[in-house]
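Q: Let's see this in three dimensions:
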Amino acid sequence: MKKWLIPVIVLLVLAFAIYQWAVGFNNTSVEYEANAKTAWSNVESSYQRRNDLIGNLVKTVQGAADFERGTLTDVIEARAKATSTTIDVDNLTPEKMAAFQEAQTGLSSALSRLLVTVERYPDLKANQNFLELQSQLEGTENRINVARDRYNEQVNIYD
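A: Now for the predicted structure:
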């Protein structure tokens, strides 16, 4: 048998093994990236749910209470800013993330001020629609926290 054939076969087997390892590594990387993008989509979905609920809450409060228009205006403006600030999942940058978080924090702050102001209106506090919306908002805030935690976990795995 020819002596040069054994080293060639060993090199071919070694090259094939390295190729398989590289393909497996790439597939795992693509899977982790997809999981991170899916987790971010879940975060955005939770924020969108909150924005939708806030619209309903504002309408309920407007119809049931005649109080400081400034607080209601702040919530409406913060919601508009939060919905206009979006992040492309393929282009997450620290600057865009900071702007997005700032808009969401502004919305949370305005919403908190609204809920504190509402405390002065016993008729509104007893309104079933308001109570249901307030409960849904609390649940949505929890969903947002869970979705953000899951996103952070996925990004750490992907990194």
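
Q: Does the closest residue to residue 97 other than its chain neighbours belong to a helix, a strand or coil?
A: Closest residue in space to residue 97, ignoring its immediate chain neighbours: residue 87 at 6.6 Å, by Cβ to Cβ, 6 or more residues apart in numbering. Quick note: C-beta positions are derived from backbone N, CA and C, even for glycine. Following DSSP: H, G, I helix; E, B strand; the rest coil, residue 87 is assigned to coil.

Q: is it true that residue 87 touches residue 103?
A: No. Residue 87 is not in contact with residue 103 according to Cβ atoms under 8 Å; the separation is 10.4 Å.

Q: Could you find the closest non-adjacent residue to residue 38?
A: For residue 38, ignoring the flanking residues on the chain, the nearest one in space by Cβ to Cβ, 6+ apart is residue 154 at 7.6 Å.

Q: Count the residues that sit near residue 143.
A: A count of nearby residues for residue 143, using other Cβ atoms under 10 Å, gives 17.

Q: And the pLDDT at it?
A: pLDDT for residue 143: 87.

Q: Now do the host helix or strand of it: distance to the chain's middle.
A: Taking DSSP states H and E as the definition, one finds residue 143 inside helix 128-158. Distance of helix 128-158 from its chain centroid, counting by Cα atoms, centre = their mean, to the nearest Å, is 9 Å.

Q: Tell me, how many residues neighbour residue 102?
A: Neighbours of residue 102 using other Cβ under 10 Å come to 13.

Q: In terms of secondary structure, what does the host helix or strand of it contact?
A: When elements are defined using DSSP H and E, residue 102 is found to belong to helix 94-118. Under the contact criterion of 3 or more Cβ pairs under 8 Å, 6 or more residues apart in numbering; DSSP states H and E, helix 94-118 touches helix 5-64, helix 69-84, helix 128-158.

Q: again, 6 Å this time
A: helix 69-84 (3 or more Cβ pairs under 6 Å, 6 or more residues apart in numbering; DSSP states H and E).

Q: what residue ranges in the chain score low on pLDDT?
A: 1, 61-72, 83-84, 89, 117-127 (pLDDT under 70).

Q: 80 - rerun?
A: 1-2, 53-94, 96-100, 106-107, 109-134, 159 (pLDDT under 80).

Q: So for it, the centremost residue is which one?
A: Residue closest to the average C-alpha location in the chain (Cα atoms, centre = their mean): residue 43, at 1.8 Å.

Q: OK, contacts around it?
A: Going by Cβ atoms under 6 Å, 6 or more residues apart in numbering, residue 43 touches 147, 148, 151.

Q: This completes my enquiry, with thanks.
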